[in-house]
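# A predicted structure for the sequence below; I have some questions about it.
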Amino acid sequence: MTDTAFPGERVPAYDVTQRLDTDYYAVFTDLPDADRAAWDRAKAFVDEVGDRMLQAWDAAEYPLDVARRMGELDLVVDGIQHPALTSLSPLAAGLVGMEISRGDGSLGTVLAVQGGLALRTLALFGSDDQQERWLQPIASGQVLAAFALTEPDHGSDSVSLETVARRSGTAGWTLRGTKKWIGNGASGGVTFVWARVDDEGDPDHGQVRCFLVPQDSPGYRGTIITGKVALRGIHQAHIVLDDVELPADAVLPGTHSFKDASTVLYSTRSGVAWSALGHATACYEAALAYATQRVQFGKPLAKFQMVQERLAQMLDELTAMQLYCRRLADLELQGLLRPTQASLAKYHNTRAARRVASVARDLLGGNGILLENRVMQHLADIEAIHTYEGTESVQALLLGRDITGMSAFA
């Protein structure tokens, strides 16, 4: 107790945000050097921008330079295999996503959008000219990119999207429709817009294709969605496409059906499982640190049986999440990962992360709702990742169809 301390406040603040490197089953002790180097790079980035992102989350501001910094550090390539991109193994990509989400969920979503969705779409389906022009600027963060599939009326049933693409004159295209919840959709960069072809003379009439749309195109309006209580450090947009005129080469030639969009989504579901692990790790470690520092009834919380039981419960959940993610990475590296296996990992990990965050918030008591302790922020952000890339119900239906051979989709 110092001379300036007053009765009733011997500990003005608690140190609960430091990494404790929790790995009870030694899931990540045998990493190749290259994978560990990528993970360390992500840790350094989180340490560099963490305090600033906490302020941005509180103020609902999106620091675009921080998003670009992630690209400068070559952290957004997300394991995409392309000769023009830095190669990260599935395990390295997962660890990067986990660590960034452990630091800040909004940045985890930037990674998912910029790399997992937008860059992957371009790398898989773009023409040589499109890739030559845009691949490196997006990977390096010079250009922020969005992936526009979800619509105000079509979330879980995005296969029913209504945004239309019509032939314009003899060469170009016209896009008309709306999109919602589009990360980076109002960042001033480019948007990969999925639209249904409405032209009876086109071989893809009625099918879904993807178009590369500069956000400064006439008729493109991206309005930032306000009032969010999750992912407040990234702006998501409501987009109106008011007869946006595009040249013929705006369409990504490799896209011809909704299955192509699904290919991208399947690839990113593993990333959501890793992101959930990052959030849960932050919450568990905050709870553990707090339990050793907080004194009540004359002894640390960690000495109470009920607290130890809760910590064991959280460790149980966390270790299972780690095992899911490591196995996902191993299967993907071997080329054996099936889409529904990624769905199961997302289904399990987002649900488990919810439980861990809730227990951690409760264990921290009133201090659990303070942003400085991060747990409440993670709890809120988990609600977003629990929903995007396919809700819990959608994942369950995908799994149910796979294990029974019968579809229960309406």
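Thanks, I have it.

# separation between Thr191 and Lys43?
31 Å (CB to CB, to the nearest Å). For glycine as for every other residue, the C-beta is placed from the backbone atoms N, C-alpha and C.

# these two: which is more packed in?
Neighbours per residue (other CB atoms under 10 Å) separate Thr191 from Lys43, with Thr191 holding more: 28 against 17.

# pretty sure the more buried one sits against Gly185.
Yes: using CB atoms under 8 Å as the test, Thr191 is close enough to Gly185 to be in contact (5.9 Å).

# could you tell me which residues touch both of these two?
Common contact partners of Thr191 and Gly185 (CB atoms under 8 Å, 6 or more residues apart in numbering): Ala146, Ala148, Gln215, Gly222, Ile239.

# mark which of the residues you listed are part of strands, please.
Applying DSSP state E to the shared contacts of Thr191 and Gly185, the entries found in strands are Ala146, Ala148, Gly222, Ile239.

# shouldn't the third one be in contact with Ile182?
To tie it back to what came earlier, the one meant is Gly222. Yes: counting by CB under 8 Å, Gly222 does reach Ile182; the two are 7.3 Å apart.

# looking at these two, which is more packed in?
For Gly222 versus Ile182, the count of surrounding residues by other CB under 10 Å is larger for Ile182: 26 against 23.

# which positions in the helix or strand where Lys179 lies come out as buried?
Secondary structure from DSSP states H and E places Lys179 in strand 172-183. Under the neighbour-count criterion of 16 or more other CB atoms under 10 Å, strand 172-183 has Trp173, Thr174, Leu175, Arg176, Gly177, Thr178, Lys179, Lys180, Trp181, Ile182, Gly183 buried.

# strand partners (parallel or antiparallel) of the next helix or strand after it?
Under the assignment DSSP H and E, the closest C-terminal helix or strand after strand 172-183 is strand 190-197. Here strand 190-197 is paired, per DSSP bridges, with strand 145-148 (parallel), strand 164-168 (parallel), strand 208-214 (antiparallel).

# nearest to Ala291 among the ones you listed would be which one?
Closest to Ala291 of those, according to CB to CB: strand 145-148, at 40.3 Å.

# model confidence over that closest one, on average?
When pLDDT is averaged over strand 145-148, the result is 98.

# also stretch 344-353?
Stretch 344-353 comes out at a mean pLDDT of 96.

# now do the shared contacts for Gly222 and Ile182.
Thr191, Ala237, His238, Ile239.

# what about Gly97, how many neighbours?
Neighbour tally, Gly97, other CB under 10 Å: 30.

# most surrounded residue in the ones in strands among the shared contacts of Thr191 and Gly185?
The most neighbours of any of these, using other CB under 10 Å, belong to Ala148, which has 31 neighbours.

# got a list of what that one touches?
Here Ala148 is in contact with Lys179, Ile182, Gly185, Thr191, Phe192, Val193, Trp194, Ile239 (CB under 8 Å, 6+ apart).

# tell me which of those residues is nearest to Phe297?
Out of the contacts of Ala148, the member with the shortest distance to Phe297 (by CB to CB) is Ile182, at 50.4 Å.

# gap between the closest one and Arg232?
Ile182 is 16 Å from Arg232, by CB to CB.

# likewise Gly103?
Gly103 is 15 Å from Arg232, by CB to CB.

# adding distance to His205 and pLDDT, write the shared contacts of Gly222 and Ile182 out as a markdown table.
Converted to a markdown table, the shared contacts of Gly222 and Ile182 look like this (distance: CB to CB, whole Å; pLDDT from 0 to 100):
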| residue | distance to His205 | pLDDT |
| --- | --- | --- |
| Thr191 | 23 | 98 |
| Ala237 | 29 | 98 |
| His238 | 28 | 98 |
| Ile239 | 24 | 98 |
